[in-house]
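In: Need coordinates for the following:
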Amino acid sequence: MSVGGRIIEIGPHVLRDADDPAYRRNVIRIWVVDRDGGESIVYVEPAEELPRIGEEIWWSSGKIFFANDHCRLKKVGYSRSA
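Out: Modelled structure (predicted):
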């Protein structure tokens with residue numbers, strides 16, 4: 001699985017927990033494709049400034065970096081293969 005790539009989709013998403021039907025967390029889902037064609041999904045906390053489709057991001061230690069590492073978002077949970 002990648003730790004970054006070019007954004008191909010971005011939008012609001014609600015995380016749910018199968019063990020707790022009342023649990024809901026509003027996040028932003030970012031879907032990326034890496035240089036080898038692998039796709040990954042990562043979730044971030046909503047923020048005023050978000051990257052755009054076509055922009056490259058990468059993540060490490062609970063943060064997502066974009067805009068040539070000048071901007072950061074807080075990662076929620078784990079990334080996963082798409």
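In: Can you report how many residues neighbour the residue nearest to residue 82 when sequence neighbours are not counted?
Out: Nearest residue to residue 82, sequence neighbours excluded (CB to CB, 6 or more residues apart in numbering): residue 39, at 3.6 Å. C-beta coordinates here come from the backbone N, C-alpha and C atoms, glycine included. By other CB atoms under 10 Å, 16 other residues sit near residue 39.
In: again with residue 10
Out: Residue 10 has 18 neighbouring residues, counting by other CB under 10 Å.
In: Next, give phi and psi for it.
Out: phi -150, psi 140 (degrees, to the nearest 10).
In: That one and residue 23: what is the separation?
Out: Separation of residue 10 from residue 23 (CB to CB, to the nearest Å): 23 Å.
In: any chance you could map the helices in this structure?
Out: Assigned by DSSP state H, the chain shows no helices.
In: Outside of the helix or strand of the chain with the lowest mean pLDDT itself, list whatever touches it.
Out: Ranked by mean pLDDT, DSSP states H and E, the weakest helix or strand in the chain is strand 71-81, scoring a mean of 92. Surrounding strand 71-81, the residues in contact under the criterion CB atoms under 8 Å, 6 or more residues apart in numbering are 1, 3, 15, 25, 27-28, 38-45, 47, 49-51, 59, 62-66.
In: and that strand, how far out from the chain's middle?
Out: 5 Å (CA atoms, centre = their mean, to the nearest Å).
In: Give the buried residues for it.
Out: For strand 71-81, the buried set under the neighbour-count rule, 16 or more other CB atoms under 10 Å, comprises 72-73, 75-76, 79.
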